[in-house]
Each structure stands twice: as structure tokens, then as C-alpha cells.
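[1] the amino acid sequence is not available; the structure is as follows:
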Ligand code: PBG
């Protein structure tokens with residue numbers, strides 16, 4: 001057989017395979033999501049997310065230390081308040097849980113990069129991502145509160161804010177508010193391409209943020225839609241988003257690819273709680289090789305075009321990169 005092209009020539013040894021590797025990753029592109037809650041002395045495991053914890057503010061430094069040592073330099077903070085109300089006032093309270101955690105964390109670990117999730121669902125008694133008008137979320141009223149929330153995070157030390165509510169016009173509302181107060185250089189990472197997804201289930205257990213009635217389909221996107229995702233991405237860039245996020249990651253690699261090709265902003269992919277929980281559960285049963293699955297999922301997202309990867313496996317991935325197993 002006279003074959004001219006023999007692709008196997010480039011797969012013959014580890015050195016060869018590494019040389020021609022197309023996807024290279026770096027620890028600096030990882031973001032680790034972290035839950036903080038009211039109280040003291042708390043480090044409690046999240047039942048549906050084995051290996052992930054909720055921390056009280058005083059316990060947070062232990063985890064920040066571990067992250068810093070692992071070489072994971074960026075975190076995304078989520079708050080779990082003690083009290084919730086109709087208008088989610090804990091989200092924008094000066095002494096709210098995220099605001100206090102930020103001040104403390106920044107003081108002890110000033111070199112880490114702090115991103116905050118800007119949303120109302122952890123703070124509203126009804127669990128929706130904004131204030132209600134009847135049984136629907138009132139878009140424009142919610143915008144004011146989201147801007148207020150983002151501003152309070154930045155004042156408390158957030159380096160970047162990430163709105164995840166999916167209200168129309170939130171990026172513009174937040175940008176205007178931050179600019180007006182002089183925070184023109186604080187970037188916005190928009191959860192622009194965010195689908196109404198069952199993959200968020202474990203997160204809602206973790207944060208106690210499941211809606212008490214209905215679902216999020218009137219604001220998060222229908223997962224059948226690709227072009228609508230592009231519309232959201234392009235609109236948010238026009239409104240001032242600096243980074244566009246696609247969420248979830250695993251079933252949405254087409255969206256990562258498309259957004260990265262059609263825009264010129266950095267793309268982030270969020271490998272969400274359900275993705276984490278599936279890997280953990282299957283690994284526990286002995287049905288999959290956890291480490292190899294973690295690597296394959298991450299590389300898949302980068303190969304699709306993401307530049308930033310938000311994952312509960314950030315520390316593990318950092319270690320695998322150090323060991324040269326991926327990247
Ligand atoms: C808040 C928010 C959610 C997630 C990130 N920000 C939950 C939701 O939209 O219901 C999900 C993250 C995950 O599942 O890991 N709106």
C-alpha cells in the first residue's frame with residue numbers, strides 16, 4: 001500500500017504528540033466558584049457536590065490559601081445569606097455576605113483576583129433572579145437592583161462583576177452605574193449565553209436558590225436555540241460586556257465555538273454544578289476514570305474556543321497542568 005499521508009506519523013511518541021498539540025492551557029485561565037455563607041466556623045460539604053463546601057467568612061482564608069498554593073489565582077464568589085426577602089435586599093446590602101467576604105478576603109489575600117456573581121436568586125424569598133410583578137420577573141425594576149448590587153460588590157473590592165440574571169439591558173445598566181461612580185476600569189463578564197438548564201440543579205441545592213414556583217424559562221434561554229445565543233452575545237458586547245460567558249459548557253460546545261469565531265472578546269465557559277456532580281457520581285461508582293474525564297471535559301471546552309474556564313475542578317486541573325498531563 002503506497003500511502004502518502006500517514007497521520008499516525010505524528011502520533012508515534014509522547015514527544016511527538018506534545019509537539020503537535022493544538023490546544024494549550026494555562027492555570028491563569030482557570031476560575032474557581034466559591035460559596036460563602038453567614039455564620040462562623042462553618043465548612044460544610046454540599047451534599048450533591050461532593051468535595052465542594054460552603055464556607056463562613058472566617059473559614060474562607062483556608063480555602064483561599066489552598067487555591068493560591070495550587071496556582072489558581074481567580075475566584076468567583078457566590079453568597080448564601082441568612083435572611084431572604086421579596087426584593088432580595090441582601091444582594092446589595094453594604095454588610096451583605098459577599099461584601100463582607102470580599103473585604104476580608106482582599107485584606108488577607110490581596111493577590112487573588114475576585115469576581116462576583118451578580119444575581120438576586122440567592123437573596124429573594126421566591127428564588128427568582130429579580131423582583132416580581134405578579135408571577136413574572138419585572139425586568140426594568142430588577143435592572144436598578146442589579147446595578148446597585150454590582151456597585152456594592154465593586155465598592156467592597158470586587159475586581160470584576162459577572163451578571164448571571166439574564167434580564168434584558170443589565171450589562172448597560174451596570175456599566176452606566178459603575179462608570180458614573182468612577183469605576184470605569186472594572187470589567188464586566190456577562191453570562192450572556194446562558195440557557196435554562198437542568199445542569200444547575202446541584203448549585204441550587206448548594207445556594208438554596210431554586211425558584212419556589214415556576215421556572216427560569218422566561219429569562220434564561222431555551223436550549224434549542226443557537227442563533228438566539230449569538231444575539232445575546234452580540235447585544236451584551238454592544239452594551240459594554242468585556243468578556244462573554246457560555247453556560248453550561250459540556251452540552252454547549254457549539255456555542256463556545258460560535259461565539260469565539262463571531263466576536264473579538266475573550267470567551268469564558270462555565271462547567272456547571274451538574275457537570276461536576278455527574279463526574280463525581282460516576283467516578284464513585286467506579287464507572288469512569290475521574291481524572292481523565294476532568295481533563296477531557298476541560299480540553300474540549302478550550303478546543304472549542306474558550307479562553308477562560310470556570311470550574312469546580314480548578315484545583316485538580318491546576319495539578320494536572322503542573323504534572324504535564326494536559327495543557
Ligand atoms: C445565579 C446562578 C446560577 C448559577 C450561576 N449563577 C443558578 C441559576 O441560574 O439557576 C449556576 C452555576 C452552577 O450550576 O454551577 N443565577
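    All right, it came through fine. On a predicted model such as this, the values are computed, not experimentally measured, just so you know. Numbering: from 1, shown residues only.
[2] for the stretch 51-200 of the chain, which segments count as helices?
    Taking DSSP state H, counting those that start in this stretch as the criterion, the stretch 51-200 of the chain carries its helices at 60-70, 97-108, 139-155, 170-180.
[3] residues in the stretch 1-150 of the chain within reach of the ligand, list them.
    Applying C-beta under 6 Å from any ligand atom, we find that the stretch 1-150 of the chain lies next to the ligand at 117, 119, 121, 129. Any C-beta I mention is one placed from the backbone N, CA and C, and that applies to glycine too.
[4] can you put those in JSON lines and add neighbour count and pLDDT?
    What follows is those, written out as JSON lines (neighbours: other C-beta atoms under 10 Å; pLDDT from 0 to 100):
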{"residue": "117", "neighbour count": "22", "pLDDT": "98"}
{"residue": "119", "neighbour count": "28", "pLDDT": "97"}
{"residue": "121", "neighbour count": "24", "pLDDT": "96"}
{"residue": "129", "neighbour count": "25", "pLDDT": "96"}
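[5] how about those residues in TSV, adding distance to residue 158?
    Shown next, in TSV, are these (distance: C-beta to C-beta, whole Å):
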residue	distance to residue 158
117	10
119	14
121	18
129	19
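[6] so which of the residues you listed belong to strands?
    In strands, defined here by DSSP state E, the members of those are residue 117.
[7] follow-up on the earlier one: just put the helices of the stretch 51-200 of the chain in TSV and tack on mean neighbour count and mean pLDDT.
    Formatted as TSV, the helices of the stretch 51-200 of the chain follow (neighbours: other C-beta under 10 Å; pLDDT from 0 to 100):
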stretch	mean neighbour count	mean pLDDT
helix 60-70	16	98
helix 97-108	20	98
helix 139-155	21	98
helix 170-180	20	98
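[8] would TSV of those with distance to residue 301 be doable?
    Formatted as TSV, the helices of the stretch 51-200 of the chain follow (distance: least, C-beta to C-beta, whole Å):
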stretch	distance to residue 301
helix 60-70	19
helix 97-108	26
helix 139-155	26
helix 170-180	23
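[9] out of those, nearest to residue 28?
    helix 60-70 (12.3 Å; C-beta to C-beta).
[10] which ones are touching residue 144?
    Neighbour list for residue 144: residue 173 [criterion: C-beta atoms under 8 Å, 6 or more residues apart in numbering].
[11] coming back round to it: of all the helices of the stretch 51-200 of the chain, which lies closest to residue 285?
    Within the helices of the stretch 51-200 of the chain, the stretch nearest residue 285 is helix 60-70; the backing value is 26.8 Å (C-beta to C-beta).
[12] which strands or helices does that closest one pack on?
    Under the contact criterion of 3 or more C-beta pairs under 8 Å, 6 or more residues apart in numbering; DSSP states H and E, helix 60-70 touches strand 30-37, strand 49-56, helix 97-108, helix 314-322.
[13] who's in contact with it?
    Residues from elsewhere that reach helix 60-70, judged by C-beta under 8 Å, 6+ apart: 32, 34, 36, 43, 53, 55, 73, 75, 101, 104-105, 108-109, 111-112, 314-315, 318-319.
[14] likewise stretch 41-53?
    Here stretch 41-53 makes contact (C-beta under 8 Å, 6+ apart) with 35, 54-56, 58-59, 62-63, 201-203, 205-206, 273, 276-277, 280, 284, 312.
[15] let's see that with 7 Å instead.
    Contacts to stretch 41-53, defined as C-beta atoms under 7 Å, 6 or more residues apart in numbering, come from residues 54-56, 58-59, 202, 205-206, 273, 276-277, 280, 312.
[16] so which of those sit within strands?
    The strands, defined by DSSP E, take in 54, 55, 56 from those.
[17] tell me the one among these nearest to residue 219.
    Distance to residue 219, by C-beta to C-beta, is smallest for residue 54 among the ones in strands among the contacts of stretch 41-53, at 25.6 Å.
[18] I am finished for the moment; much appreciated.
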